[in-house]
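Peer 1: can you look at this prediction? I've put the sequence above it.
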Amino acid sequence: MSHNWKRVVVKVGSALISPNQIGCSSHYLLSIAQFIVKCRAMGTQVVLVSSGSVAAGAHQFSDHEKTEIAVKKAMAAAGQTEMIATWDRLFDFPSAQILLTHADLRDRERYISIRETIFSLLEHEILPIINENDTVTTDKLKVGDNDNLSAMVAAAADADALIICSDVDGLYDKNPNEHDDAQLLSWVDNIDQSIYDMAGGAVEGGVGTGGMRTKIEAAEKAVSHGIDTFIVNGFTEATFNQLLDGKNPGTHFQAHDKPMKENIHWMRHTSNAQGEVIVESDFAASLENEAEQLTSSEIIDVKGEFSVGDTILVRKDDGTKLVKARSNYSSCLLNFIAKQDNEDFAQEFEKKTGPIISNKHIANLEKE
């Protein structure tokens with residue numbers, strides 16, 4: 001493979017899995033499966049992130065039931081087995097199912113466990129097939145779309161490339177369905193607001209949960225980890241032939257030259273803040289390299305409930321986000337210390353117990 005990838009993550013959406021929502025169809029999946037087979041034959045490891053369980057199971061339920069949350073979860077349960085069986089039929093090597101929620105990813109211990117499982121499967125030449133566990137997810141636990149999930153998985157798997165299959169050729173500068181002069185962007189080296197502004201045009205149909213915006217969000221997560229990301233048309237066989245030839249058939253988002261460290265990337269892009277620590281609006285210290293400068297005397301409020309080791313957001317009273325960090329204090333203890341009128345007591349307590357946050361587990365947000 002001309003790209004010299006050691007490991008790639010391929011994300012496939014519901015529209016490819018079940019285009020008519022009458023069960024799974026291998027019509028569009030065959031060329032993707034052949035691409036995966038050829039990658040493996042060339043020595044490139046592959047992780048597959050596959051949506052489609054709800055769409056695949058929809059035909060087993062009546063139309064009037066499909067708006068009910070409980071029924072959608074049942075659709076996911078019924079469709080997941082059909083989807084895995086469909087993929088399995090397309091390969092002559094073993095595959096393994098991994099179902100995740102955001103709670104699995106945002107918990108550092110479980111996140112490390114997921115990494116180890118993926119690495120072990122790849123080492124034994126078993127194809128990991130990953131999907132969000134829609135049967136058990138709630139609004140609080142779900143990632144929400146498999147585009148962002150695929151970026152989190154790509155980071156966890158230390159992938160070289162993320163290939164997101166869409167129903168359009170890539171990112172256009174304007175909606176190609178409304179503007180004949182819309183131009184495909186073949187290369188993006190910086191994801192800023194202007195790139196997000198272009199995302200309003202090309203979105204997937206009613207089968208999937210993600211549009212072009214979620215794909216750009218995924219690309220932003222991935223490239224910051226040093227992962228080249230491609231948004232390509234998954235409905236055409238030529239797409240995958242070009243990728244095998246080392247060409248770019250869609251939009252290539254260039255990986256950062258200096259990627260974030262794995263634990264910092266997880267903190268910033270995967271872990272959810274369980275609470276907030278608020279400081280005065282005129283707080284001037286930079287916490288990125290001197291986290292110990294945050295003391296209880298600087299804190300004016302503590303919001304939410306969190307335990308030692310949970311991720312928290314440190315922000316100013318005016319709403320400015322400073323950092324996400326691992327808290328060395330529980331919210332209960334931090335509230336108690338921050339509310340002490342005796343500043344000497346608080347300083348002595350922190351001197352014995354240690355800093356509220358530390359440099360080792362911090363992700364700067366001031367540049368957002």
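Peer 2: Great, that's in hand. Numbering: from 1, shown residues only.

Peer 1: could you say which helix or strand holds residue 214?
Peer 2: When elements are assigned from DSSP states H and E, residue 214 belongs to helix 212-223.

Peer 1: pull out the buried positions in that helix.
Peer 2: Buried residues in helix 212-223, defined by neighbour count with 16 or more other CB atoms under 10 Å: 212-223. For every residue, glycine as well, the C-beta is placed using N, CA and C.

Peer 1: quick check, nearest of the residues you listed to residue 335?
Peer 2: Using CB to CB, residue 221 comes nearest to residue 335 of those, at 32.5 Å.

Peer 1: need the contact list for the closest one.
Peer 2: Applying CB atoms under 8 Å, 6 or more residues apart in numbering, we find residue 221 in contact with 148, 151-152, 155, 265, 269.

Peer 1: rerun that using 6 Å as the cut-off
Peer 2: 151, 269 (CB atoms under 6 Å, 6 or more residues apart in numbering).

Peer 1: and the one 10 residues further on, by the same measure?
Peer 2: If you count contacts by CB under 6 Å, 6+ apart, residue 231 has them with 164, 166, 170-171, 215, 250-251.

Peer 1: weed out the non-buried ones from those.
Peer 2: Buried members of the contacts of residue 231, scored by 16+ other CB under 10 Å, are 164, 166, 170-171, 215, 250-251.

Peer 1: gap between residue 176 and residue 355?
Peer 2: Distance of residue 176 to residue 355, computed by CB to CB, to the nearest Å: 52 Å.

Peer 1: please verify my assumption that residue 164 contacts residue 216.
Peer 2: No - using CB atoms under 6 Å, residue 164 makes no contact with residue 216, being 9.8 Å away.

Peer 1: what stretches of the stretch 51-200 of the chain score poorly on pLDDT?
Peer 2: 138-144, 200 (pLDDT under 70).

Peer 1: ok, back up a step: return the member of the buried ones among the contacts of residue 231 nearest to residue 305.
Peer 2: Of the buried ones among the contacts of residue 231, the one sitting nearest to residue 305 (CB to CB) turns out to be residue 215, at 34.1 Å.

Peer 1: any idea of the pLDDT on the closest one?
Peer 2: pLDDT, residue 215: 94.

Peer 1: tell me the contacts of it?
Peer 2: Shown in contact with residue 215 (CB under 6 Å, 6+ apart): 147, 164, 231.

Peer 1: name the element the residue lying closest to residue 295 once chain neighbours are set aside belongs to?
Peer 2: Of all residues beyond its chain neighbours, the one nearest residue 295 is residue 350 (6.2 Å), with distances taken as CB to CB, 6 or more residues apart in numbering. Under the criterion of DSSP H and E, residue 350 resides in helix 343-353.

Peer 1: now do the buried residues in that helix.
Peer 2: When burial is assessed from 16+ other CB under 10 Å, helix 343-353 yields the following buried residues: 346, 350.

Peer 1: what's it in contact with?
Peer 2: With CB under 6 Å, 6+ apart as the criterion, helix 343-353 contacts 296-297, 337, 340.

Peer 1: chain center to that helix, what's the gap?
Peer 2: What separates the centre of helix 343-353 from the centre of its chain is 39 Å, taken as CA atoms, centre = their mean, to the nearest Å.

Peer 1: can you name the next helix or strand after it?
Peer 2: strand 362-364.

Peer 1: name every strand pairing with that following strand and say which way it goes.
Peer 2: Using DSSP bridges, the strands paired with strand 362-364 are strand 321-326 (antiparallel).
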